[in-house]
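Colleague: Structure, please.
(chains A and B)
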Amino acid sequence: EPEVTQTPSHQVTQMGQEVILRCVPISNHLYFYWYRQILGQKVEFLVSFYNNEISEKSEIFDDQFSVERPDGSNFTLKIRSTKLEDSAMYFCASSEARGANQPQHFGDGTRLSIL
Amino acid sequence: EDQVTQSPEALRLQEGESSSLNCSYTVSGLRGLFWYRQDPGKGPEFLFTLYSAGEEKEKERLKATLTKKESFLHITAPKPEDSATYLCAVQAYGSSNTGKLIFGQGTTLQVKP
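Modeller: Presented below is the predicted three-dimensional model:
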C-alpha cells in the first residue's frame, strides 16, 4: 500500500539553526499538509499546500516557516531559525483531494529536538 | 471557534470487555469527521470518515457512529493489539476550504490480556 515517507525520523538541532524536514507524499496525491504535535498535546495544523502554493496556514506558521515542493516527489518544511518551542513531532500528510471523501494519509513523523 | 474534545483521556479494558470512546465537536459546518489510530512513535493511521448524522462505519471490532454533536467509536471484544491512541478529527466548511483537520487530544486505550 502506498505510504507517506518522512526523513529524518529524528533531528537534533541547536537553537537558532535552520532545519529542513522532508516528506515524500503518495505519488498521485495533490494536496499536502504539515501538522505538528508537541509532546502531550493535540495534533495541530500548520499549513496546506496545493498547486505549488500555500492554501492555508495557521497562526503557528509564521515567517520562520516555509514550505516547498522542489520537484515532483518531495515536499519540505523549513524552519529558518529554530526556537526551543519548535521541539515537536512534525507530521506530513497528503490526500488526493481536499474534500472529506479523500482522507489524509500521514507519515510517521520527524521528531525535532531543539537544544 | 471549531473545537474537538475527546473522552476519556485514557481507558483500560480487559480483553473482551467492550466499550466506547467519545468525540464531541463544535464546528460551523461539518464536512467530515475522521477517526485515526496512532501507535507510539508512528503517524496517525486512517480508520473511518463519517459525513452526516446517523451514519455508521465498521471495521473488524470497531464501529464508528455520528450524531449532530458527537461521534462514538465502539470497540467490541477488544484484543491487546487494539491498544493505541485513537484520534478524532473534523474538517469544517469555511471560506478557506483547504482540508485542514482539527484534532481532539485523543483517547489512549490499553487492552490487557
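Colleague: Show me which residues of stretch B:2-22 are buried.
Modeller: B:4, B:6, B:11, B:13, B:21 (16 or more other Cβ atoms under 10 Å in any protein chain shown). C-beta: built from backbone N, CA, C; applies to glycine.
Colleague: Centroid-nearest residue for chain A?
Modeller: What sits nearest the mean C-alpha location of chain A, by Cα atoms, centre = their mean, is A:Trp34, with 3.1 Å.
Colleague: Assign the nearest residue to B:Ala64 once chain neighbours are set aside to helix, strand or coil.
Modeller: Nearest residue to B:Ala64 in three dimensions, chain neighbours excluded: B:Phe48, at 4.5 Å (Cβ to Cβ, 6 or more residues apart in numbering or on different chains). Following DSSP: H, G, I helix; E, B strand; the rest coil, we place B:Phe48 in the strand state.
Colleague: The residue in chain A sticking out farthest from the centre: what's it in contact with?
Modeller: For chain A, the largest distance from the centre (Cα atoms, centre = their mean) belongs to A:Asn101, which lies 21.7 Å off. Contact analysis of A:Asn101 by Cβ atoms under 8 Å, 6 or more residues apart in numbering or on different chains lists B:32, B:49, B:51.
Colleague: May I ask you to confirm that the last one is in contact with B:Gly32?
Modeller: Yes. Here B:Tyr51 lies in contact with B:Gly32, judged by Cβ atoms under 8 Å, at a distance of 5.5 Å.
Colleague: Make sure B:Leu21 is indeed in a strand.
Modeller: Yes. Under three-state DSSP, B:Leu21 falls within a strand.
Colleague: and A:Gln41, how far is that from B:Leu13?
Modeller: 25 Å (Cβ to Cβ, to the nearest Å).
Colleague: Do me a favour and get the backbone dihedrals for the closest residue to chain A within chain B.
Modeller: Residue nearest to chain A within chain B: B:Gly32 (2.5 Å; Cβ to the nearest Cβ). In terms of degrees, to the nearest 10, the main-chain angles of B:Gly32 are phi -170, psi 150.
Colleague: per-residue pLDDT, the closest residue to B:Leu109 other than its chain neighbours?
Modeller: In this structure, B:Leu109 finds its nearest non-sequential neighbour in B:Leu11, 5.1 Å apart by Cβ to Cβ, 6+ apart. The score at B:Leu11 is 98. That number is its pLDDT.
Colleague: List the residues that contact A:Val4.
Modeller: A:23-26, A:92-94, A:105-107, B:43.
Colleague: Any chance of TSV for those residues, columns pLDDT and secondary structure?
Modeller: As requested, the contacts of A:Val4 are arranged in TSV below (pLDDT from 0 to 100; DSSP: H, G, I helix; E, B strand; the rest coil):
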residue	pLDDT	secondary structure
A:Cys23	97	strand
A:Val24	97	strand
A:Pro25	96	coil
A:Ile26	94	coil
A:Cys92	98	strand
A:Ala93	97	strand
A:Ser94	95	strand
A:His105	96	strand
A:Phe106	97	strand
A:Gly107	97	coil
B:Gly43	94	coil
